[in-house]
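Novice: how would this look folded up:
(one chain, ligands or ions: 1)
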Amino acid sequence: MSNYHIKHLEEYYQVYRKSVREPENFWEEIAEEHFMWRKKWDNVLSWDFSKPEVTWFEGAQLNITENCIDRHLATRGNKTAILFEPNNPNEAALHISYNQLYERVNKFANVLKAQGITKGDRVCIYLPMIPELAVSVLACARIGAIHSVVFAGFSSTALATRINDSDCKMVITSDGSYRGAKTINLKGIVDDALKDCPCVKTVLVAKRIESDINMEAGRDQWLQPLLDEALPVCAPEIMNAEDPLFILYTSGSTGKPKGMVHSTAGYMVYAAYTFKNVFQYRENDVYWCTADIGWITGHSYIVYGPLANGATTVMFEGVPSYPDFGRFWEIVEKHKVNQFYTAPTAIRALAKQGTELVEKYNLSSLKTLGSVGEPINEEAWHWYNDNIGKKKSPIVDTWWQTETGGIMITPIPFVTPTKPTYATLPFIGIQPALMDENGNEIKGNQVDGRLCIKFPWPSMARTIWGNHQRYKDTYFSAFENKYFTGDGALRDEVGYYRITGRVDDVIIVSGHNLGTAPIEDAVNEHPAVAESAIVGYPHDVKGNALYGYVILKDTGESRDQNNLRNEINQIITEHIGPIAKLDKIQFTSGLPKTRSGKIMRRILRKIAHKDTSNLGDTSTLLNPEVVQDIIDNAL
Ligand code: WTA
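Specialist: Next up, the predicted model:
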């Protein structure tokens, strides 16, 4: 029996049990049968969460691009690998076949080499959703360079922090980008960032918008002429299983962003295996994930997972609202999309527009719908199920994280009965545990607690770049011998999981993780601000929005509050990006603090939620009197 493609529920339970009882045999079989290795492993798994140290397929050698491209050429050379749909619907879509992808990746890899990039070097990729983004990711992997993709919506300051943290030698960007009706000067943002990045020696610039931009002599080069000269074949660098494949930054509750490091072999095996099962991809299907490759969803489920399975993966440059809110459905009809994977925030925004723009299009090609990034609320789930899936396409509510590399808790479509707002069952090989506040595992059903994973899986991040101690402190210290996710979850009577949300100071806004500390730091940069605290509150489209409580310095002069609000949001935009702007800013004379000086966010959160019935005991606060004042002036 091949365990690679699960087709019914008994099979799921059978394979799941095997993956838990004999994890090494299980993953060895998957790895052996479905991938191309230059050398097989000596040891499937060794692990110690107390260090933490995890290795999968140690001793094996491979190159992930041989698995994603080369091995498909004989049977799928003319099949579309990447289907690029431009921002402007009147611009033709581009079908890049596996043969063409091979040539593009190899040429790009040769350009990287010619520019002095070698195995282990870090390359920052700051590109819009154009084919060069996927190609540059794969070109890095071809030569063993570690890519660090930074979402092109981040500001120059955020970009510089990420470039410096991992000492990137090169930045790959474009002259600009299209986002709906807007044109963004991406290269200008890179120029700003690089004022503070001495490590960067070279910038390669793809042409997208034909604008006149500054090219710094000795540093910046147009990409196309270099590609034109490059040879079309580049031998893949032979990588060890545990060599880092990429770094991807994610926000923590405190401190600077964490550069999560993913391995080569384990990541590949798990991304590919989950893709196959969670989307039930069949040979001639067209699969579309609307995420940006700047996030983990794009890494695993636009690039690596689909390509490792020889799939056709759609890359969409634009936004769901341009030229109107029917764009997603127009694309589904045009390319006869079979699997569609998006985020609850997009579903809510589209649901707000009614169904007129949905009914205009033929969505009958759809077989499976996916959701990722935040809990999907019941209303959005039903709207998606009724209007997009027409109650025929199962919704896979996939729970996972940048750190997990691949989908962890999810239904398998046509296999696991779905239940609105539930991510349902652990994926094969995943052993979740719910923990109580005293560090004990909560057994049985109909319980809730903090979600941990108690056994390693192949695609778990191996460390935080340059800071293994932080990796240990963040993920392996809260509960002994377990990976702590930072999420809360409940388990229902049949063992289905429902993710209830973050239990730390990370807030998920429109599916983007935002740590409160870096935003507070940005707010505090405003010369008029003395102190600030940021919490999340429920928002009907974004899931959560940000509420800032700000104490102003007493300068004796009075300022227009709306101007101040705009200025504060401007600083946030410069430091982090527009996604981190505050929806509400309340100016206050004080913040509730414990006697040791810690801000009581729990109280601030309740006020922002307009739920002040039970604030708990506030008498032990240093300054209990500010609480009523904040409630009276709440927005
Ligand atoms: C949240 C995205 C509920 C969760 C792949 C997690 C979800 C964080 C779901 C990771 C889901 C992701 N249901 N919550 N289906 N998927 N989350 O690193 O809080 O961008 O910890 O990875 O998003 O976000 P990240």
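
Novice: quick one: secondary structure of the residue of the chain positioned farthest from its centre?
Specialist: For the chain, the largest distance from the centre (C-alpha atoms, centre = their mean) belongs to residue 556, which lies 45.0 Å off. Secondary structure state of residue 556, per DSSP: H, G, I helix; E, B strand; the rest coil, is coil.

Novice: how near is it to the ligand?
Specialist: 44 Å (C-beta to the nearest ligand atom, to the nearest Å). Heads up, the C-betas are built off the backbone N, CA and C, glycines and all.

Novice: Return the residues in contact with the residue of the stretch 51-200 of the chain found nearest the ligand.
Specialist: Closest to the ligand within the stretch 51-200 of the chain is residue 151: 10.3 Å, counting by C-beta to the nearest ligand atom. Residues counted as contacts of residue 151 (C-beta atoms under 8 Å, 6 or more residues apart in numbering) are 292, 294, 295, 577.

Novice: With residue 243 as the reference, measure out to residue 261.
Specialist: The gap separating residue 261 from residue 243 is 10 Å, by C-beta to C-beta, to the nearest Å.

Novice: Which of those two has more residues huddled nearby?
Specialist: residue 261 (21 against 17; other C-beta atoms under 10 Å).

Novice: Need the residues that contact the helix or strand harbouring the more buried one.
Specialist: Residue 261 belongs to strand 258-263 when assigned by DSSP states H and E. For strand 258-263, the external contacting residues (C-beta under 8 Å, 6+ apart) are 56, 148, 162, 165-166, 241-252, 402-403, 405, 459, 461-467, 470-471, 474.

Novice: Mark which of those residues are part of strands, please.
Specialist: Mapping these onto strands (DSSP state E) picks out 56, 148, 244, 245, 246, 247, 248, 249, 250, 463, 464.

Novice: how about these in CSV, adding neighbour count?
Specialist: What follows is those, written out as CSV (neighbours: other C-beta atoms under 10 Å):
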residue, neighbour count
56, 29
148, 25
244, 20
245, 25
246, 27
247, 26
248, 27
249, 24
250, 19
463, 22
464, 25
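
Novice: Of the residues you listed, which fall within the contact range of the ligand?
Specialist: By C-beta under 6 Å from any ligand atom, the members of the ones in strands among the contacts of strand 258-263 lying near the ligand are residue 250.

Novice: Would you quantify the distance from residue 327 to residue 358?
Specialist: From residue 327 over to residue 358 (counting by C-beta to C-beta), the distance is 11 Å.

Novice: right, I mislabeled it, should have said residue 231
Specialist: Applying C-beta to C-beta, the value for residue 231 to residue 358 is 48 Å.

Novice: For these two, indicate the residue with more neighbours.
Specialist: A count of neighbours by other C-beta under 10 Å puts residue 358 above the other of residue 231 and residue 358, at 21 against 11.

Novice: who's in contact with that one?
Specialist: Residues in contact with residue 358 (C-beta under 8 Å, 6+ apart) are 326, 329, 350, 387, 388.

Novice: What pLDDT is listed against it?
Specialist: We have a pLDDT of 97 for residue 358.

Novice: Can you show me the CA trace of the helix or strand harbouring it as PDB?
Specialist: Assigned by DSSP H and E, residue 358 belongs to helix 356-359. Output of helix 356-359 as PDB, limited to C-alpha atoms (Å, rounded to 0.1, in the frame of the first residue of the first chain):
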ATOM      1  CA  GLU A 356     -23.700  39.300  -7.400                       C
ATOM      2  CA  LEU A 357     -20.100  39.300  -8.400                       C
ATOM      3  CA  VAL A 358     -19.800  35.600  -7.500                       C
ATOM      4  CA  GLU A 359     -22.800  34.600  -9.600                       C
END
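
Novice: Strands of the stretch 251-400 of the chain, residue ranges please.
Specialist: Ranges of strands in the stretch 251-400 of the chain, per DSSP state E, counting those that start in this stretch, are 258-263, 286-289, 312-316, 339-342, 368-372, 395-398.
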